[in-house]
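Engineer: Here's my sequence, what's the structure:
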Amino acid sequence: MKIIEMPSPSFDTRGGCAIEYLIFHYTGMQTAQAALDRLTDIKSEVSAHYTIDEEGVVYRHVIEDKRAWHAGVSSWQGQDKINARSIGIELVNKGHEWGYHKFPNAQIESIKILAQEILGRHDIKHVLAHSDIAPTRKDDPGELFPWEDLAQAGIGFWPTEEEAYEGDVYEALSKIGYDMTDKPKTLIAFQRHYVPEVFENNTQCQICDLTRSRLNSIFKGMA
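Structural biologist: As a prediction, this is how the structure comes out:
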């Protein structure tokens, strides 16, 4: 895995916060160069610790002991200051606005290597999507991101098939950690991460048996 140093001026200290989260994003821009330019432009006031392009090349913008500015207004399990507590990885992909597509194999392999190294350096408790921590604002990295594949490599958690969760789904999503300001958007964020199949037949935002099944698995995993 090749790492190219491309520093960003947009960072500051973590203020004593421990690193607890690994957050995945997509760049959502038309070209890799446009994304890299924005992430390293002082005027943009945004950054990430790393960007991985479609060829699998890794660009380092901010060293891990500093706070990058990638999460924006976000929360998980009632905790804000996600930037101070996380490492952010941007993945070059045009995103839903410009032509969302599958993540190439070379990119996925670099994701696995980099994420495994990060997990080995820090006591990270949550591996999440930008859309998980900001469901009312963000869709990335989207329903094509290979969460199940990454979980098999020890990166994050993938739910097994269980009996359907019988309780209130929205209450359960809140207990897992999601912000419930907009319930439909939060349900879609959960499905982007854990039930991507519903996007294949355009049934997202419907509480299907598969959604309840995987939700139940996550609850058992939390116990």
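
Engineer: Give me the buried positions along stretch 134-142.
Structural biologist: 134, 135, 138, 139, 140, 141, 142 (16 or more other C-beta atoms under 10 Å). The way it works is simple: take the backbone N, C-alpha and C, and place the C-beta from them, glycine included.

Engineer: can you redo the residues you listed as TSV with pLDDT?
Structural biologist: Shown next, in TSV, are the buried residues of stretch 134-142 (pLDDT from 0 to 100):
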residue	pLDDT
134	98
135	98
138	98
139	98
140	98
141	98
142	98
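
Engineer: The residue nearest the centre of the chain: what's it in contact with?
Structural biologist: Closest residue to the average C-alpha location of the chain: residue 129 at 1.9 Å, with C-alpha atoms, centre = their mean. Neighbour list for residue 129: 23, 24, 25, 138, 140, 141, 145, 189, 192, 193 [criterion: C-beta atoms under 8 Å, 6 or more residues apart in numbering].

Engineer: repeat that with 7 Å
Structural biologist: If you count contacts by C-beta atoms under 7 Å, 6 or more residues apart in numbering, residue 129 has them with 24, 140, 141, 145, 192, 193.

Engineer: shaky segments in the protein?
Structural biologist: 223 (pLDDT under 70).

Engineer: Format the contacts of residue 129 as JSON lines; extra columns: secondary structure.
Structural biologist: Output for the contacts of residue 129, formatted as JSON lines (DSSP: H, G, I helix; E, B strand; the rest coil):
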{"residue": "24", "secondary structure": "strand"}
{"residue": "140", "secondary structure": "coil"}
{"residue": "141", "secondary structure": "coil"}
{"residue": "145", "secondary structure": "coil"}
{"residue": "192", "secondary structure": "helix"}
{"residue": "193", "secondary structure": "helix"}
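
Engineer: thought residue 97 was touching residue 27?
Structural biologist: No: here residue 97 does not reach residue 27: they are 11.0 Å apart, not a contact under C-beta atoms under 7 Å.

Engineer: Which one's more surrounded, the two?
Structural biologist: residue 27 (25 against 10; other C-beta atoms under 10 Å).

Engineer: For residue 63, which non-adjacent residue is spatially closest?
Structural biologist: In this structure, residue 63 finds its nearest non-sequential neighbour in residue 49, 7.6 Å apart by C-beta to C-beta, 6 or more residues apart in numbering.

Engineer: what's the distance between that neighbour and residue 183?
Structural biologist: Noted for residue 49: a distance of 32 Å to residue 183, by C-beta to C-beta, to the nearest Å.
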